[in-house]
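A.B. asks: Okay, predicted coordinates and the sequence, questions at the end:
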Amino acid sequence: MSDTRRVALPLTVTFAVQALVAFAVYCAPVMAPVAGPALGFAASAVGYYIAATYFGSMIGSAAAVIRADANKIRLGSGEERTSSQR
């Protein structure tokens, strides 16, 4: 299998997941003026949702960096491997 085909599927799936997550996150602020009062909260409360989403993203990104560093993952070099790959 060529390198292009081997990379295409994971890249496409990652792009699709990221697009769906972005769509889900940004739908709430658009619908808040109409849906907020119908659901019993002020439309301005959507800011808490966005803040929680961004905070979760920051924590998740930091955890991924710590995890990658702990496993000594060096993307692209192929020189260092984790103990399970030896």
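C.D. replies: Nice, thanks for sending it over.
A.B. asks: Show me the contact partners of stretch 19-29.
C.D. replies: Residues outside stretch 19-29 that contact it (C-beta atoms under 8 Å, 6 or more residues apart in numbering) are 46, 49-50, 53. For every residue, glycine as well, the C-beta is placed using N, CA and C.
A.B. asks: any idea which of those has the most stuff around it?
C.D. replies: Each of the contacts of stretch 19-29 was scored by neighbours using other C-beta atoms under 10 Å; the highest score is V46's, at 18 neighbours.
A.B. asks: And the helix or strand hosting I66, how far out from the chain middle?
C.D. replies: Take DSSP states H and E as the rule and I66 turns out to sit in helix 46-70. With C-alpha atoms, centre = their mean, to the nearest Å as the basis, the distance from the averaged C-alpha position of helix 46-70 to the chain average is 8 Å.
A.B. asks: Low-confidence regions, this structure specifically.
C.D. replies: With pLDDT under 70 as the threshold, the chain has low-confidence stretches at 1, 70-86.
A.B. asks: Give the buried residues for the longest helix seen in it.
C.D. replies: As assigned by DSSP state H, the longest helix anywhere in the chain is helix 3-39. For helix 3-39, the buried set under the neighbour-count rule, 16 or more other C-beta atoms under 10 Å, comprises 32, 36.
A.B. asks: what's the angle between that helix and helix 46-70?
C.D. replies: Taking axes from the mean of the first three to the mean of the last three C-alpha atoms, to 10 degrees, one finds helix 3-39 and helix 46-70 inclined to each other by 150 degrees.
A.B. asks: Now find how far off-centre helix 3-39 is within its chain.
C.D. replies: On the basis of C-alpha atoms, centre = their mean, helix 3-39 sits 9 Å off its chain's mean C-alpha point.
A.B. asks: re earlier: helices or strands up against the helix holding I66?
C.D. replies: In terms of contacts (3 or more C-beta pairs under 8 Å, 6 or more residues apart in numbering; DSSP states H and E), helix 46-70 is packed against helix 3-39.
A.B. asks: how about F41, secondary structure?
C.D. replies: Using DSSP: H, G, I helix; E, B strand; the rest coil, the structure places F41 in coil.
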